Structure formats: C-alpha cells, structure tokens
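Trainee: Let's see this in three dimensions:
(2 chains)
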Amino acid sequence: MTSRHLPTFLAGLLVSAVLATPGAAAAALDRAALVAGLCGNAGQMFEAAAALTATAATGSDEDRAWALALPRALIEKTLACDAAGAVLGNGSLDAVSRAVREPAPDARAPVLSLKNRAVFEQADAALALRSAPGAGARAAALRMLERRPAVLPEGLLDAAAAAESDPALKAQIVGLAQTAALNASDPAARLRAIGRIADNPSRRALAQMTELTHDPAYAANAEFRAAIDAATRRIERGIAMGDVLAALYNGLSFASILFMAAIGLAIIFGLMGVINLAQGELIMIGAYVTWMVQQGLRIVAPALLDWYLILAIPVAFVVTAAIGIALEALLLRHLYKRPLMSLLATWAVSLFLVNLVRVVFGTQNMQFETPFYVSGGVPVIGDFIFTWNRMFAIAFAVVTLALTWAIVRRTPLGLNIRAVTQNRDMAACIGIPTRRVDMMTFGLGSGLAGLAGLALSPIYSVNPQMGQNFIIDSFMVVVLGGVGTIAGTVVAALGIGQINVLIEPLWGAVAAKVIVLLMIIAFLQWRPEGLFAVRGRRK
Amino acid sequence: MVKFTRRSFLQASGVAAAGLASPVGMPALLRSAQAQSGPVKLGCLFSSSGTMANLEGRLNYVVKMAADEINAKGGVNGRTLDVLVSDPASDWPLYAQTAKQMLQQEKVSALFGCWTSVSRKTVLPVVEQEKGLLYYPLHFEGDENSKNVVYVNSPPASSVLPAVDYLMSEEGVSAKRFFMLGSDYVWPRTINKQLKGYWKSKGIPESAWKEEYVPFGFSNFQTLVNQIRAFADQGGGQPVVVLTVVGNSIPDFMREFANQGILATDIPVLGLDMVEADLEGLDTSKLVGHLNCWAYLQNAKGPANEAFLKNWAGYVTAKNVPFKGDVSIDPMVSAYDSVHLWAMAAQKAGSFEVPEVSKAFAGLSFDCPSGYKIAMTGENNYVSRGVFIGSVNDKQGFDILWQSKDTPKPVPFSPYG
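Mentor: Residues are numbered from 1 along each chain as shown, chains lettered A, B, ... in the order given. Presented below is the predicted three-dimensional model:
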C-alpha cells in the first residue's frame, strides 16, 4: 500500500468504525470533525477528502447524502469557513447541521491547492456516483473516476454497480471495476482487467502494459504473458490508427480554416484581379457580427442563446456582403485601371476597419458563449480526440464549399461571374453588365469572409487584430491553388493544412511554416499559374 | 558704393549679435531657464495597436494615473509631471525609434515601457547611447544589467524558479516531467535554458523534458496539444506544461487544451506570461486550477491593493479609459511602482539628471499594492519583489495559491543558464 492510499484506508476504517457504533451522536461528531478538516490547512483538507471518498465507498446512505454537497462546494468555492464551522453558500445552510444560518462576516472560502483539487474532484465524483439523483450526473461522475482508476477505494465501484438502476450505466461501472482490478490478487480478474484496458488503447494503457512486463507473474505465468503481449499488440495497433486519424483530422481542420479564410479572396482576386488586403478585416467583422447576434439574443430570446452560431449565419453574411458592396461601389470601382492603387486603398480600408472596431469595442478579446455543440470532444481511438469546435469548422467549410460551388456553377450570377472571369471585354460585348457582376461578386466574396469569421469564433480569439493573421495564409492558398478557381482553393488548403500538420511534430511549428513557404515558392517556380489555371484569355 | 539701409544694418547686427552670443552659451542658458519652469516630461513606450495593444495599452493609463497622484501632492522637486504617450504599434524596431525621439527631441527625464523582451532589447542600445533611463515593468529572463534600465519586475530566480519548485514539491503536484512550450524569441528560450540548467542541477534526467516553440501570433495548437497528451501518457511521473507563449497564443492554447478534455488536475499549465486579461473571453470553468506566477495578483490582501484597485476603477470611470476598471494585472502595478520609484529617486537626488537620479536608487523602498515593501539596494538596478503563485478560478481571475514570506533578493545573472 502506498502512502497515498494510507490516509484513505485509515479514514475508511475510521468511518466504518463510527458507523458500526449505533447512535447519531458519534456520527454527528464525525461530521463536525470532517467540516473542520475541510476548513483546515492543506494536509487536513487532503485527509478530509480521503474521508469523503471513503464515505462514498462504505458510508451509510444518510452520511453520503449529507456529504454529497461538500466537495462540490469546495471546488466551486461556495463553502464559507468561519469560527463556528462552515456554511454552504447556496441557501446559507450550516455545513454540519444543515440548519439555516448566515456565515460570519469574516468567513473565507478555502482555495484548493492543485494536489487537493485532484482528491476533491475524485471525492465529488465518488459521492455523485453513489448518491446523485440523476443518471446523467452519475454518468459524468463515472467519466471523472475513469481518469484515475488506480486510486479508487476498494468496494466503491462494486457498491455503485449493485445499487445502479440504469442498465447501461451499470455495465459501464462493472467495466471500470474490472479495469481497476489490474493489480488484484485474483489472476482471472487481472486477465479480465488486461483485456478491458486493451479495449481502450492509449499511450497510458501501453505504459501500464510495459510496467506489467516487470511483474513476477509475467515470467512465471504463460497465460498472463500471452495476455499481456496480445494486449500490447492491440494497444499499439490502436495507437497507430489513432495517430493516423489524428493527423488527418488535424490537417483537415487546419485546411478548413485556410479554406474559409481564402475562398472569398479567391473569388474576388480571380474575377477582378483586385488584391483585397481588407479581406482579413472582413473576417474579423464577421466574428464581431456573430458576437453582436449573441448579445442581441441574450436580451431578446435567451432561450435561443445556444443557437447563436447558427442564427448569426445570415446576419454575418449580409452585413459583411453589404460592407463589401459599399467598398466596391465607393472606392474600388474608380481604381480598376490602377491595380496598385486598389491594393493601397484596400490596405487603408483594412487599417480603418481595425481602428474603427478598436474604438467601438476596445482591444480585448470578445467573450463568446460556448454552446454544447462546439465544446469538448469525444475520445475515439488511441490518442485521437474528436473535438466539436473543429468539427463545426470542418462542417461549416464543407457547406460553404457546396453553396459557393452551386452559386458559381448553377446560377445565372455564377454564369456571369465565370464569363467575366474568363474574358471581361467579350462578356461586356455580349451584354453582361460587368460592373454589376463585379459588385455582386465583391459582395459574395466579402460575405464568405464574414462566414469565415463566424466559423472561427469558437476556435480563435476574437479581437481587432485577428484578421491580420489570416491575410498571408489566405494569399498563400489562393496563389498556390491558381487564381480564381474553387477547386484550386480546396486542394491548396488541404495540401498546406496536411503538410503543416505532418511537419509540425517532427521539426516544430516554426520550421513547419518555413518549410511550407519554401515548398510553395519552389512549386510556383515550376508552375507559376498555380495548381489549377483558369483557361481563357486573361489580361 | 555700398548702400547702407536701415534693414541691412539690422540684419547684419543681428547676425553679429548671434555670432557673438553663441560662444558664451546663450542658447543653453535660454533652454535651461525654460526647463526650470515647465513640467518634467516622462515618456511611455507602450503599444496601443498591434498584437500587444490589449496588454500594453492599459499601462499608458496607469503611468498617467501615477503621475496624476504625484502631481496632486505637489509634484517632484516643485515641478509637475507631464506624461507623453507614444504608439510603437507592436513593431519591435519602432520601440527603439520612438525611444530615440523621446530622448532627443522631447528630452524626457525617464522612459516607462516595453512588454516583450525583444522590444526591451531593441530599446537598450538607444537608452545607453542617449544616457536615458528606462523603467521596465515586466518579469523577464534576467541575464542583463544595464545602468540605464531599472528592472522593476523579477528575474527568473525570484519568479519562475519558486513556481517550478512549488510544482515539484509534495505540497504542489510532485511534478516530474516538463513540457516547455514557448513563442520563438529571447524570453522563452532563455527561461527554458535556465530551467533545463536548474533541473540538471537537481539531477533530473534530460528525458524528463521536451521543448517546443511556435511563431509569434501562432494559434493552431491542435497538434501541439496532441503532443502534450502523448508526452503525458508516456508515464514516469506527474507532467506539467511550462507555457511561455505570449499574446493571443495564450487564450488560443488554453481553449484547445480544455477542448481536448485535459483538466488542471491531469496536466497543470504554468503560464508564465498569463494574466487576467488573457482569460477575458474564455470559459474558465474548464481551466480552473492552472497556474501563473507574478509579483502581484489582483487578489493580494492589504490596504495598498484596496487603494490601488479603488483608484484605478475611479480613474477608468473619470477618464473614460477603454479598459476594464475591475481588472488589475501585475505589469500595471509594476508600471505604477516604476513612476513612484522614479519620483522618489528624483526627489531624493534633488535633480532630474539621469546620473543623479541613478545615484539615489540605493535604499529606496515603496509600499507596493502587492502588500510587500519593495526596495532597491544600489548594487544593481533590480527591485526586490514578492512572489505570488496564482490559480485560475471560474471568474476569469486568479486565486492566490502560495505567496512568499518576504521579498527575495533579486539575482540578475542566473547560475543555471
């Protein structure tokens, strides 16, 4: 038994001893001591947490119900300690007697050290698993306990499984109990535990298996050795698969960001040859519009707040498209014959927009709600975690791609855009209103930038400077892909994203950036028109 | 015949007068007579635009607030203080240019400025050449001791090492393995070099750490967080992340870290440049427990801090400052201390000349809002400060997890580098 388990064990003994003696007086005394421990120094708090975990494993129903609120109150800093004990913040209940009382004015909320935070998280999860009324809360508690199966008090999971009413959850608890039995004395339980661990391959599981090869049973018992070796092979396969999937997913997610940032630019650059340096700022404005929609919903319809990312889609598109159209009509229209001037003008617009936003909103990062569909992730296999905010960006990029493609290929506007892109003068000759097409295209490209801002807000910090990070990357994608082609933008974004992600773990993020730039330069030497060149007569 | 008109006579005599007067130092006399009466100029080198704007921008206002406080008490040596603000736009060479302009044209008596070490390094030759005085309010990598710079915040020996010691102790998390992740410039690289030397001196093997750098402004941390998880799962003891990325990389990293489901109790992050302002806009409920270390935290106890927070909140409302009145970070307090330390030195010296002011450093002490009495010894231009270790709470702030008993003596040059 390690020193870490010792207090748990002793406290367990203590609690069971107290429970064995009938009478409420003894139990009440124990409660006061425990609360005093919660308000004590770091060492006393550690012991109190161990006592709480032991209560979860072996305590009576009343004690568990009493203890349930305590670790959570400590974690959330709602426990106010004063001379007379402690008060649970919500509802002002005395921590020991649960009678209503106000905390003393000099009450303090103890701060958990990192070490104690871990044991209190465990105590909280252990108590919740036994006593939380909702199955959802118990399932969440089980997930927390899964993080450190080795330090669970004995009997906790068995007792929890016996009392569990939800069959699916019960099976999970039994599974975790079997996993936790890795170092049990029963050889059959150990073999079962090895199989269980191999079911969820990860580097941690592999480390556990490697440790077991030093176990005396590994040399002595052929069956045990075979089980370990088989499990190690399974885990290694799982890790390899997880690594491949993770690299693909990371590459895809980076590619989706690059694509979103570049697609608007590709259309504008392709059609008009205008290098729009304000594109990054349109992304930023899209993100700020998303924020304003969120704030609006907070006032008008708080129930829909979680869906602000979806509801903001049309708003972000329309606002940034309108800015784009205004920009084209007021400024760029007069500069088509002077491309250098239009570059400088858009740069001026970019500076103007950054400073306008800075004056109106300030320089700080904007506060976004994190709806459930973009928070957290699901472990899939090995070390591969499927994170929802990245998935949101990928899905968003795919939908944007489909819509853009449909507009350019399937609508009269798209037909005009393609005609003007191929040969402006000829298009004008056959009666296409090229000026109007320019304006609409600029609006479309700007609107797409606004959507990019929306899709990026759950991933990146939103502040006035955010757009400047994207402008270089998006030009890289557009130039590599071949000016003005959607397919080129997609392929270039996928390529740059994937190559970046593959290089990063090998030589670091700095080298990845340099190598990708060198590769692009080399490629453009060989093929200056990019991956996909637009056929047609260009100026 | 030479026409001798009234006009040409006046011109000629004027030139003659100027020619005669200049050798005896007439313009110099004029200038010093002027300077004796007007306010004393102080210069700020903090960016109001670019990547550092959100952090550095607020320091301009703190310096002004401190100067206002001193002016309200009658100024220094009978003269009031006038704060000049510039905008080096987060562009490192521009810091040097702005500093030169302020010293040569504006003749400022002292400069207060720089956040990143790279900006300080560009300003350093300028202040040394122009014999100016720069107050630098950030904790930094040490290994520098210019007589023209006052290092108001702590070198690693009195900030980073105590925090790492805490993490390695039984009371902390008994950390055994370290993942160092930083932005690619002088501060993270020097800090990590010193940390490696420190761990070597403690007998920790080289296999127990890993070092990665990202470019400035990097935000796509997916792969790096994967690497951190893989590093942690190799086993071999409690892993921690020593984070020295700066600017917007901090919130972007923390967001990805939380999204991949890692809690502070699994792998704690020690964010060496992480301040309250970096947590604005983040859902900190999943980040509770991560650490930082500074010479001041907003939750510091004591009347000096209460007064500072009240003054700042009042100043923000009164002057319509575009920053939050209820957020106070270490560099703000250090900038505030800087102005007071300078004023005390100038008062003690009875002069605003840099050599005189520098001579007055020995024995200065000031009641810092952190609750410590900070002091200068005269041995070097470092200021001894207290040490705080903070823990992220769910209100986008930091709780004080640990603080030093007193102010450790600053060690400019690390023995571990």
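Trainee: where exactly do the strands run in the stretch 301-417 of chain B?
Mentor: For the stretch 301-417 of chain B, the strands defined by DSSP state E, counting those that start in this stretch occupy B:365-367, B:373-376, B:383-384, B:388-392, B:398-403.
Trainee: winner for burial among those strands?
Mentor: The highest mean neighbour count among the strands of the stretch 301-417 of chain B, using mean count of other Cβ atoms under 10 Å in any protein chain shown, belongs to strand B:388-392: a mean of 26. (Glycine included, C-beta is placed from N, CA and C.)
Trainee: For that strand, give the mean pLDDT please.
Mentor: The average pLDDT for strand B:388-392 rounds to 93.
Trainee: now it: how far from the chain's centre is it?
Mentor: 18 Å (Cα atoms, centre = their mean, to the nearest Å).
Trainee: Does chain A have contacts with it?
Mentor: Yes. With Cβ under 8 Å from any Cβ of the partner chain as the criterion, chain A is reached by strand B:388-392 at B:Ser391.
Trainee: Over to stretch B:71-87?
Mentor: No. Using Cβ under 8 Å from any Cβ, stretch B:71-87 never reaches chain A; the gap is at least 11.1 Å.
Trainee: Buried residues, that stretch. List them.
Mentor: For stretch B:71-87, burial by neighbour count (16 or more other Cβ atoms under 10 Å in any protein chain shown) applies to B:71, B:75-76, B:79, B:81-87.
Trainee: Which residue ranges of the stretch 51-200 of chain B form strands?
Mentor: Using DSSP E, counting those that start in this stretch, strands in the stretch 51-200 of chain B cover B:81-85, B:110-113, B:134-136, B:149-151, B:175-183.
Trainee: Please convert those strands to JSON lines, extending it with mean pLDDT and distance to A:Tyr288.
Mentor: Output for these, formatted as JSON lines (pLDDT from 0 to 100; distance: least, Cβ to Cβ, whole Å):
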{"stretch": "strand B:81-85", "mean pLDDT": "94", "distance to A:Tyr288": "26"}
{"stretch": "strand B:110-113", "mean pLDDT": "95", "distance to A:Tyr288": "30"}
{"stretch": "strand B:134-136", "mean pLDDT": "96", "distance to A:Tyr288": "34"}
{"stretch": "strand B:149-151", "mean pLDDT": "95", "distance to A:Tyr288": "39"}
{"stretch": "strand B:175-183", "mean pLDDT": "95", "distance to A:Tyr288": "26"}
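Trainee: What parts of the stretch 301-417 of chain B come near chain A?
Mentor: Residues of the stretch 301-417 of chain B lying close to chain A (Cβ under 8 Å from any Cβ) are B:322-324, B:391, B:393-394, B:399-401.
Trainee: pLDDT weak spots in chain A?
Mentor: Flagging of chain A using pLDDT under 70 yields the residue ranges A:1-29, A:90-91, A:534-539.
Trainee: picking up where we left off before, just flag the most distant two among the residues of the stretch 301-417 of chain B next to chain A.
Mentor: Largest separation among these by Cβ to Cβ: B:Pro322 and B:Leu401, giving 31.4 Å.
Trainee: who are the neighbours in contact with residue 329?
Mentor: Here I'm looking at chain A. Counting by Cβ atoms under 8 Å, 6 or more residues apart in numbering or on different chains, A:Ala329 touches A:Met439.
Trainee: Correction: the question concerned chain B.
Mentor: B:55, B:58, B:275-277, B:294, B:296, B:298.
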